[in-house]
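Engineer: when you get a sec, could you give me coordinates for this:
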Amino acid sequence: MRGAKLVRTIWAACVCLFCCTLANAQINETPKALEDLTVDEHLNDQLPLDTKFTDHTGNVVRLGDFFDGEKPVILSLNYSNCPMLCQQQLNGLVATLREMKPSVGEDFQIVSISIDPEETPQRARETRKRYYDDYDRSGTGSGWHFLVGSPKSILTMSQATGVKFRYVPEQKEYAHIAVLMLCTPEGRISRYIYGIQFDEPTLRLSLVEASQGKIGSTIDQVILTCFMYDETSGRYGPQAVKIMRLGAFATVFCLVIGLTPFWIFRRRRAASS
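Structural biologist: Residues are numbered from 1 along each chain as shown. Modelled structure (predicted):
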């Protein structure tokens, strides 16, 4: 009996090992639909602000309508009928936005452009309502814009941002990469942030940088003095040179503050004698 039990245990272990190996291979395998789909980053390039779209109310708008020269903009390329990836990306974005003190609309704008030319303003309105409800922060009713457009307008944005996608007719879906673009208030691409979950300090500091200091707290500015965005990790990390400079400045400042009374006392004493 003990021998049979040992054999069953060994077989179970082998089956588990085989399944794990197979699953790992599938995870590491890139789906064919995603082959050749990359993002050619166009950092600091000017977006085509004259490109026309239709908003959730059916009105024709220009992309430039959402760049006021004061607030940075988070730009994403999604579509409402995406079965999984877009939802995960926008759900992750909303979760991080809820952690952030800066608010959509008050401190920055979000523009989500559908890559599906068949998407209607009505569908965009439904999607907009869903994410506004999830965000659930008062006073932000005009800060997140869901736009639909013609194939020409969508292609223009794809070329301007370097974000590629492909329609897969067998699945009636678009294959694409989850990426956010942080843009300056003037419409230049400041940073690409990849994935479906977003680190709150990274997103917040990226917005502060994109705004060129127009939003964010004093602490954010101090952090940006010592930290720098690391593209390999996708997060901000300490930069030794900047920390040393700040330390040197703080040392000189403390010496001046501490020694000034002594210098004044010494000068008065010399004058009186």
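Engineer: C-alpha from now on. contacts and neighbour counts both.
Structural biologist: Will do.
Engineer: give me the neighbour count for Val73.
Structural biologist: By other CA atoms under 10 Å, 31 other residues sit near Val73.
Engineer: my guess is it meets Cys183, correct?
Structural biologist: Yes. Val73 is within contact range of Cys183, at 5.1 Å (criterion: CA atoms under 8 Å).
Engineer: what's in contact with stretch 121-130?
Structural biologist: Defining contact as CA atoms under 8 Å, 6 or more residues apart in numbering, one finds that stretch 121-130 is touched by 54-58, 80, 144-148.
Engineer: show me the residues you listed that map onto strands.
Structural biologist: The strands, defined by DSSP state E, take in 54, 144-147 from the contacts of stretch 121-130.
Engineer: quick check: the farthest pair among these?
Structural biologist: Thr54 and Trp144 (13.9 Å; CA to CA).
Engineer: ranges for the strands of the stretch 51-200 of the chain?
Structural biologist: Along the stretch 51-200 of the chain, counting by DSSP state E, counting those that start in this stretch, strands occupy 52-54, 60-62, 73-78, 109-114, 144-147, 165-168, 173-176, 179-183, 189-194.
Engineer: same list, these, but as JSON lines with mean pLDDT and distance to Thr202 please.
Structural biologist: What follows is those, written out as JSON lines (pLDDT from 0 to 100; distance: least, CA to CA, whole Å):
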{"stretch": "strand 52-54", "mean pLDDT": "98", "distance to Thr202": "30"}
{"stretch": "strand 60-62", "mean pLDDT": "98", "distance to Thr202": "29"}
{"stretch": "strand 73-78", "mean pLDDT": "97", "distance to Thr202": "13"}
{"stretch": "strand 109-114", "mean pLDDT": "98", "distance to Thr202": "16"}
{"stretch": "strand 144-147", "mean pLDDT": "97", "distance to Thr202": "20"}
{"stretch": "strand 165-168", "mean pLDDT": "94", "distance to Thr202": "26"}
{"stretch": "strand 173-176", "mean pLDDT": "94", "distance to Thr202": "23"}
{"stretch": "strand 179-183", "mean pLDDT": "97", "distance to Thr202": "11"}
{"stretch": "strand 189-194", "mean pLDDT": "95", "distance to Thr202": "9"}
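Engineer: do you know which of those lies nearest Ser138?
Structural biologist: With CA to CA as the criterion, Ser138 lies closest to strand 144-147 of the strands of the stretch 51-200 of the chain, at 12.9 Å.
Engineer: flag every buried residue along that closest one.
Structural biologist: 144-147 (16 or more other CA atoms under 10 Å).
Engineer: just give me the closest of those to Thr260.
Structural biologist: Distance to Thr260 across the buried residues of strand 144-147 (CA to CA) is lowest for Trp144, with 52.4 Å.
Engineer: how close does that closest one get to Leu75?
Structural biologist: Noted for Trp144: a distance of 10 Å to Leu75, by CA to CA, to the nearest Å.
Engineer: repeat that for Gln122.
Structural biologist: Going from Gln122 to Leu75 by CA to CA gives 21 Å.
Engineer: again, but for Asp36
Structural biologist: 22 Å.
Engineer: burial measure for Gln171, as a count.
Structural biologist: Gln171 has 8 neighbours, counted by other CA under 10 Å.
Engineer: please apply the same query to the one 5 residues further on.
Structural biologist: His176 is flanked by 22 other residues according to other CA under 10 Å.
Engineer: okay, now Lys101: neighbour count?
Structural biologist: Neighbours of Lys101 using other CA under 10 Å come to 12.
Engineer: what of Glu119?
Structural biologist: Neighbour tally, Glu119, other CA under 10 Å: 17.
Engineer: spatially nearest residue to it (excluding sequence neighbours)?
Structural biologist: Closest residue to Glu119 apart from its sequence neighbours, by CA to CA, 6 or more residues apart in numbering: Val148 at 6.4 Å.
Engineer: where does the stretch 1-150 of the chain dip in pLDDT?
Structural biologist: Where the stretch 1-150 of the chain drops to pLDDT under 70, the residues are 1-35, 141.
Engineer: the stretch 151-273 of the chain too?
Structural biologist: Looking at the stretch 151-273 of the chain by pLDDT under 70, you get 213-218, 221-222, 224, 239-254, 273.
Engineer: that one: helices as residue ranges?
Structural biologist: Assigned by DSSP state H, counting those that start in this stretch, the helices in the stretch 151-273 of the chain fall at 151-161, 200-210, 218-226, 240-272.
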